[in-house]
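**Student:** Quick one, fold the following:
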Amino acid sequence: MNKDFDNSIKLFSADCQLAIKAVVAAGDVILNIYQNTIVAGKKGDGELVTVADILSNDMIRSILKSSRYPILSEEDSASFKLLSRKNIWIVDPLDGTIEFFKKNGEFVILIALVKKNIPTIGVMFQPTTKRLYVAEKGKGAYSLNLDGESQKISVLSTTSFADTRVLFSRNHLSNTERDLLKHVKLSEYKQK
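**Tutor:** Numbers count the residues shown, from 1 in each chain. Down below sits the predicted model:
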């Protein structure tokens, strides 16, 4: 990270900065694996898993543990009972494992902090582009690049469902989502 980036993230709380540090460090771990042959296996639920999922999870855990909030991660066997805790990190250390395996660059690392059942921090990092998206309650949402470029972002203000853009997973499109697409006219629909 450079000085401009370090200055950009000073806007955020210590917890948010910790999540940013965790996704960037995990991104380095993932990219080291991404540049080599990727070996995949299956989880108990049949989903694809790679060593990048596991090592990213380990890196994130090692950084977030200093906050003393419990961590619920897709790659752990932790109980969903953790969701009843006052404060909890929710982590997907490699969202888009299939895309990672295909080496198309379309994968991210996700971390959220939920306090009293309200999401207060959300951080998403795409290692291949070095693009970071950060939102914190009361501070807004930003698109940041590790080179220091930052831009405030927001959702569209449209009130018409037909004018919205909808993204669906190309690998996990459910029958319910297919039915929705048949019945709703949208201005833009992309399957990513």
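**Student:** The most centrally placed residue in the chain: what's it in contact with?
**Tutor:** For the chain, residue 110 is the residue whose C-alpha lies nearest the centre (C-alpha atoms, centre = their mean; 2.1 Å). The contact partners of residue 110, by C-beta atoms under 8 Å, 6 or more residues apart in numbering, come to 23, 91, 92, 95, 122, 123, 124. Bear in mind the C-beta positions are built from the backbone N, C-alpha and C, glycine included.
**Student:** Looking at these, which is nearest residue 176?
**Tutor:** residue 95 (20.3 Å; C-beta to C-beta).
**Student:** hmm, back to that, next structured bit after the helix or strand harbouring the residue nearest to the centre of the chain?
**Tutor:** Of the helices and strands defined by DSSP states H and E, residue 110 is found in strand 108-115. Elements were assigned by DSSP H and E; along the chain past strand 108-115, the next helix or strand is strand 118-126.
**Student:** So the nearest residue to residue 3 once chain neighbours are set aside, which state does it fall into?
**Tutor:** Counting by C-beta to C-beta, 6 or more residues apart in numbering, residue 148 is the residue found nearest to residue 3 once chain neighbours are left out, at 7.3 Å. Under DSSP: H, G, I helix; E, B strand; the rest coil, the three-state class of residue 148 is coil.
**Student:** right, and residue 148 touches residue 130 too?
**Tutor:** No: the criterion here is C-beta atoms under 8 Å, and residue 148 misses it with residue 130 at 10.7 Å.
**Student:** Could you list the low-pLDDT ranges of the chain?
**Tutor:** Applying pLDDT under 70 to the chain flags the ranges 1-2, 44, 46, 78-80, 161-162, 165-172, 185-192.
**Student:** show me where this protein has helices.
**Tutor:** In the chain, helices defined by DSSP state H lie at 3-8, 14-34, 51-64, 97-102, 175-183, listed in chain order.
**Student:** Many thanks, have a good one.
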